[in-house]
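> Predicted model, plus sequence, below.
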Amino acid sequence: MLLLFDESSSLQQSDPGAARVQAAKPLLQTLGRYADRVGATLDVSAAGFSDSYIPEEDWTRLTESSADGTAAALSGLASKNAGIDTDYWAAIDGARQQLSERGADRCQAIAWFSDGKIDFTERPESKPYAEGIDLSTPEGVEETRRRAIESICRPGGLADQVRSSDVVMLGIGLGANTSPADFDVMSAIATGRGLDGMDCGAITTPVPGDFYPVANIDDMLFAFDSLNPDPGVDSQGPVCQLQVCPEARHNFVLDHSIKSVNILGSGGIPGVVPYLIAPSGETLELPKRDGKSDVDIAGIPVGYEWQSESAQTISLTNTGAPQWAGQWAVVYVDTTGEHPDAVSRVNIHITTDIFPALTDADKVSWRSGQTVDDLTFGLVDGKDAAVPLTDLAGSARLTASLVPDSGEPITLIEAETKDDIGKPANADLTDVNPGPAVLRMSLVITTAPATDPQGALVAPGTQLSPQNVEVPVQILPKLGLPTPGERIDFGTVQASKGATATLAITGPGCAWVTESDAVTVAAEPDGIGTPRVTSPTNTADTCLTVPAGETGQLQVELRTEADGHGSLNGTVPVHVAALENPGDSQVAQVPFVASLIKPLNTTNFVLVLVAALLLGPAIPLAMLYASKWWVSKIPDSPLLAERIPVEVRDDQLMRDGEPFAMADKDLIQPVIGLVGGGARKLDVLGTTLTTSIGRSPFGAGAVTVQAADSVSVGSQVPGSDHTGLHAVLPLAVHNKWVVVHDPRGPANRAEILLLVSGSTDTAARESLYEEVASRAPALLSALRLRAVQAGLAVPGDGTDEPASPFGNTGVLTSAPGYDPFADGGSPRGDATADPPVGHDPFDPFREGT
C-alpha cells in the first residue's frame with residue numbers, strides 16, 4: 001500500500017492539525033495485526049505531491065510489531081504543507097511508476113489524501129501533459145488544469161492505466177467546508193464517477209476504488225478504518241445523558257468461533273465516554289487516558305486507546321472465557337449532560353479468520369472448450385488451513401463465480417446454508433476463450449444467536465459484512481494445445497524505437513503472432529498512436545515449435561507510432577496449435593504491459609537554452625549546472641552490498657539450484673568510500689557507480705553502473721541509459737539492485753548486485769529479496785534481447801543446457817559485426833568501451849537522465 005499525501009499550502013487551512021498523518025497510526029496497527037494473523041506480506045510506503053511527486057518513505061514490511069515505528073516515521077509529513085500546486089496528474093503518475101517497480105502479481109492500493117481541486121500557481125512554466133501552455137497567466141492555468149483532467153480521465157488515460165494494472169485507488173478528501181463539486185474530480189478518479197456526476201475513465205466495472213470525504217480527525221479515523229479487511233458491522237445511534245441507557249446500545253453478538261473484536265467508536269464530541277457491556281450485564285467504563293490501556297471484563301482481556309478527543313479503538317480477545325459468547329454492547333455516555341443531540345458511531349470488526357476457498361485449487365485445470373467437473377468449495381483460515389464447517393458456530397452463505405477477462409460471469413455455486421457449501425459444482429467453459437479470468441468468492445457469516453441459560457432467544461446473531469476473495473486464474477487453450485505464459489512484460493521502454501520481450505510457451509504445440517492481428521488496448525499514454533505487437537514467428541508455417549514437457553520462448557516486439565509517458569496495458573492475440581496440425585489453431589488473448597518513457601525533446605531544450613543565454617537569466621546557467629553537480633552525490637548513509645550469481649529456470653530465479661532467497665551470510669560487507677558529504681564515484685564488488693547530472697540543469701542527478709565485460713539494468717525507472725545496456729539508479733542507491741549480465745555467456749545467467757541500507761531490518765531485506773525474485777527474470781530477458789540487438793550477444797536460446805549435436809537446432813548465426821578471427825575473437829563489440837555517460841558535469845548535452 002502506498003500512502004500518498006497532498007503537500008500543498010492549502011492544507012494549512014484544511015488540515016492544520018495534520019489529522020491525515022495522525023490517523024495513519026491506527027490504520028497501520030490494524031493492517032499490521034491482520035498481516036501477522038493471515039501470514040501476509042504487506043509492504044507500506046509513503047509519498048507526497050504538490051507540483052511534483054516526492055517519495056518520502058521507502059517500502060517497509062508491516063507487522064504488528066513494526067506498525068508503531070512505521071507510523072512514527074510518517075510524523076515528518078505533518079509539516080509538509082507549503083507546496084505551490086495540487087497536481088493530481090503528477091501524483092498519480094508518480095504513484096503508478098513507484099508501484100510498477102514492485103513487479104507483477106501483487107495486490108496493490110493507493111490511499112490518497114487531498115483537500116480539493118487540481119490547482120496551479122501562476123508562474124512561467126509548463127507541464128508535460130500540457131506542452132506549449134504557459135502557467136504565467138490565468139488562462140494558462142485553466143487550460144493546464146483542463147488538460148490534466150483530460151489526460152487522467154479520457155478512456156485509456158492515466159486513471160485507466162492505474163486501474164488496468166489492478167491498483168485500487170482509495171481517495172480521502174480533506175475539508176470541513178466543501179461541496180460535492182470540490183471533490184468531483186478526485187472522487188471520479190478514485191471510483192470512476194464523481195460526487196457531482198463527473199465520469200472518469202472507461203474501466204469502471206467493478207468499481208475501481210472508493211472515496212471518503214472527511215471533515216475532522218474522527219472522520220479521518222473512520223475513513224481509514226473502512227480499509228480494515230476484517231468483516232464487521234457499522235452503526236450510528238444516540239448518546240446517553242449522565243448514565244448508561246438501553247436506547248443508545250450498539251449491540252453485537254459473539255459466539256465461540258469468533259477469535260477477536262476490534263472496535264472504532266466515537267461519541268462525536270469531547271466529554272462523551274464509552275462503556276463496554278458484557279453478556280452478563282457487567283459494565284466497564286473506558287475513560288480517557290494517554291496511550292494504550294489494558295483492562296478486563298468478565299475475565300476477558302480488553303485493550304483500548306483514545307485516538308482523539310472523542311474517538312477510541314477498543315479490542316477484545318477470545319481466551320476461552322465462558323462469558324465470551326452472547327450479546328455485547330458499546331454505549332456512549334455524555335458525562336456533562338450538556339449534549340442531548342450528540343451522535344455516537346461505531347465500526348465493529350468481528351474477526352472470524354475464516355475465508356472462502358476452492359478446494360485443491362492448484363490441481364484444477366481451467367481449460368477452454370470443456371466442462372470442469374466436481375469443483376468443491378470450502379472454508380480456510382488465514383494460513384490456508386482447512387476449517388471444518390462444524391467449527392463455525394453460526395450460519396454461512398457462500399457464492400462463487402468465474403469471470404473471464406472479456407466475458408460474462410459464470411455462476412459456480414450459490415450455497416445458502418453451511419450444508420450446501422461442500423456440494424460439488426461445475427464450470428462450463430465450452431464457449432469461453434483462453435485468457436485471464438478471476439475466481440470471485442464471497443462468504444457471509446452470521447454469528448450464532450445469543451440465548452439465556454434456559455436456551456431462550458436473547459438476540460439473533462450478528463450478520464457480518466461479506467468476506468470477499470478474488471483469485472486470478474488462467475483459462476488454458478483446448479486440450480492438446482500449448483499453453484502461453486500469463487503475460488508479456490516489456491519493462492520500461494522507449495517504444496517508438498521498438499522494444500522486445502519473450503513469452504513462455506509450454507509444449508507440446510506451436511505458437512505464433514500474425515502480422516494482421518491487432519492488439520486490444522486497455523490503457524495507454526497520450527499521443528502514442530496505434531501500438532503494435534509483432535513477432536518474427538508470424539505464421540503457422542514458421543511457428544515456434546515446442547516438444548512435450550519443454551518450454552520455449554516466443555520473441556515479440558512492441559512498437560508505437562510516437563513516444564509517450566505512462567503505462568501501456570492490453571492483450572495480444574497469440575495463435576496456438578497442435579504440432580501435427582498447425583492449420584487448426586486457437587487464439588489466446590495474452591495480457592501485455594509496458595511502462596513507456598518519453599525522452600527529452602533535444603530541439604526544444606536547445607531553443608530554451610539559447611533563449612536563456614540571450615535573455616540573460618537572473619541565475620547564470622553555468623551556476624545552475626554547477627549547483628546540480630554539487631548536490632549530485634550518493635548519500636553517505638551506511639551501505640551494504642552483495643553480488644550473487646543467479647540463473648533463470650522456467651521463469652523462476654534460482655540461486656545455487658534453489659529459489660532465490662537471502663542467505664545467512666549475505667549483506668555483511670560494507671561499501672567503502674562513503675565519506676561525510678557523500679560520494680560521486682564508488683567501486684562496489686567489481687562495478688563502478690558514478691554520478692551523472694544529465695542534460696538539464698534542473699531535476700535530480702542519477703548514478704550510472706558500469707561492470708567490465710557486462711551489460712546491466714537497474715531496479716528503478718528508467719533502469720538504463722539511452723543505450724539500454726548500462727544500469728541507471730537514483731542518487732539514493734540504498735535499497736536498489738542491478739541485474740548484471742555477461743552477453744557472451746548463457747542467456748539465463750546473471751548476477752544480482754544488491755545495494756542495501758545498513759539501517760534496514762531483516763524483514764525489509766527479505767522483502768527486497770522477494771522483489772528481486774519476482775522482477776529479475778523479466779529484466780534479464782529484456783536485457784539479453786537488447787544485447788543481441790546491439791551485436792553484443794549471439795541470437796538463440798543461449799542457456800547453459802548442453803545442446804544435442806543431432807537435435808533440430810537450426811542454424812546458429814553470429815551477432816552482427818562479430819568477426820571470430822578479429823583480435824581476441826570477442827563478439828562483444830564495444831561493450832567494454834567507455835560508458836555512454838560522460839563525466840563532465842558542465843556538458844549540458846551529454847546523455848543522462
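Yep, it's here. Residues are numbered from 1 along each chain as shown.
> alpha carbons only for contacts and neighbour counts from here, please
OK.
> burial of residue 482, as a residue count?
Applying other CA atoms under 10 Å, we find 26 residues neighbouring residue 482.
> Isn't residue 273 up against residue 289?
No. If you go by CA atoms under 8 Å, residue 273 and residue 289 don't touch, sitting 11.3 Å apart.
> More neighbours: which of these two?
Under the criterion of other CA under 10 Å, the comparison of residue 273 against residue 289 puts residue 273 first, with 23 against 10.
> List the contacts of that one.
Applying CA atoms under 8 Å, 6 or more residues apart in numbering to residue 273 gives the contacts 267, 285-288, 310, 332-335.
> any idea which element it lies in?
Taking DSSP states H and E as the criterion, residue 273 maps to strand 272-277.
> Restricting to C-alpha, output that strand in PDB.
Taking Å, rounded to 0.1, in the frame of the first residue of the first chain, the C-alpha atoms of strand 272-277 are listed here in PDB:
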ATOM      1  CA  VAL A 272     -18.500  11.600  25.800                       C
ATOM      2  CA  VAL A 273     -17.200   8.400  27.300                       C
ATOM      3  CA  PRO A 274     -17.700   4.800  26.000                       C
ATOM      4  CA  TYR A 275     -18.800   1.900  28.200                       C
ATOM      5  CA  LEU A 276     -18.500  -1.800  27.300                       C
ATOM      6  CA  ILE A 277     -21.300  -4.100  28.400                       C
END
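> for it, what is the average pLDDT?
Summarised as a single mean, pLDDT over strand 272-277 is 97.
> Same question for stretch 229-246.
92.
> Pairing-wise in the sheet, spell out the partners of the spatially most central residue of the chain.
A centroid search over the chain (CA atoms, centre = their mean) returns residue 108, at 3.3 Å, as the residue closest to the centre. Beta-bridge partners of residue 108, counted by DSSP bridges, are residue 167.
> Can you check the pLDDT for it?
Looking at residue 108, its pLDDT stands at 92.
> my guess is it contacts residue 164, does it?
No. Using CA under 8 Å, residue 108 is not in contact with residue 164; the gap is 11.8 Å.
> Residue 792 contacts residue 744, doesn't it?
Yes. Counting by CA under 8 Å, residue 744 is a contact partner of residue 792 at 7.4 Å.
> of those two, who's got more company?
Higher neighbour count among residue 792 and residue 744: residue 792, with 29 against 16, using other CA under 10 Å.
> which sections of the stretch 551-700 of the chain are below the confidence cut-off?
For the stretch 551-700 of the chain, the stretches with pLDDT under 70 are 600-631, 675-677, 694-700.
> just the strands in it please.
Assigned by DSSP state E, counting those that start in this stretch, the strands in the stretch 551-700 of the chain fall at 551-559, 566-578, 581-596, 639-649, 652-655, 658-659, 681-684, 687-692.
> Please determine how far residue 20 is located from residue 674.
Distance, residue 20 to residue 674, using CA to CA, to the nearest Å: 36 Å.
> Could you check which of these two is surrounded by more residues?
Neighbour tally, residue 20 and residue 674, criterion other CA under 10 Å: the higher count belongs to residue 20, 26 against 19.
> Packing partners of the helix or strand the more buried one falls within?
Assigned by DSSP H and E, residue 20 belongs to helix 19-22. Helices and strands touching helix 19-22, by 3 or more CA pairs under 8 Å, 6 or more residues apart in numbering; DSSP states H and E, are helix 217-225.
> one more time with 10 Å, if that's ok
Packing contacts for helix 19-22, counted by 3 or more CA pairs under 10 Å, 6 or more residues apart in numbering; DSSP states H and E, involve strand 2-6, helix 67-73, strand 108-114, strand 167-174, helix 217-225.
> Of all the ones you listed, which one is nearest residue 526?
The stretch from these with the least distance to residue 526 (CA to CA) is strand 167-174; that distance is 19.9 Å.
> Kindly export the host helix or strand of residue 189 (C-alpha atoms) in CSV.
In this structure, residue 189 is located in helix 184-191 according to DSSP H and E. Taking C-alpha atoms only, helix 184-191 is exported to CSV below (Å, rounded to 0.1, in the frame of the first residue of the first chain):
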residue,chain,number,x,y,z
ASP,A,184,-15.9,15.9,-8.1
VAL,A,185,-12.6,15.3,-9.9
MET,A,186,-10.8,13.5,-7.1
SER,A,187,-13.8,11.2,-6.3
ALA,A,188,-14.2,10.5,-10.1
ILE,A,189,-10.5,9.4,-10.3
ALA,A,190,-10.9,7.1,-7.4
THR,A,191,-14.3,5.5,-8.3
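> That helix packs against which elements?
Using 3+ CA pairs under 10 Å, 6+ apart as the contact criterion, the elements in contact with helix 184-191 are helix 88-100, strand 108-114, helix 138-153, helix 158-163, strand 167-174, strand 209-214.
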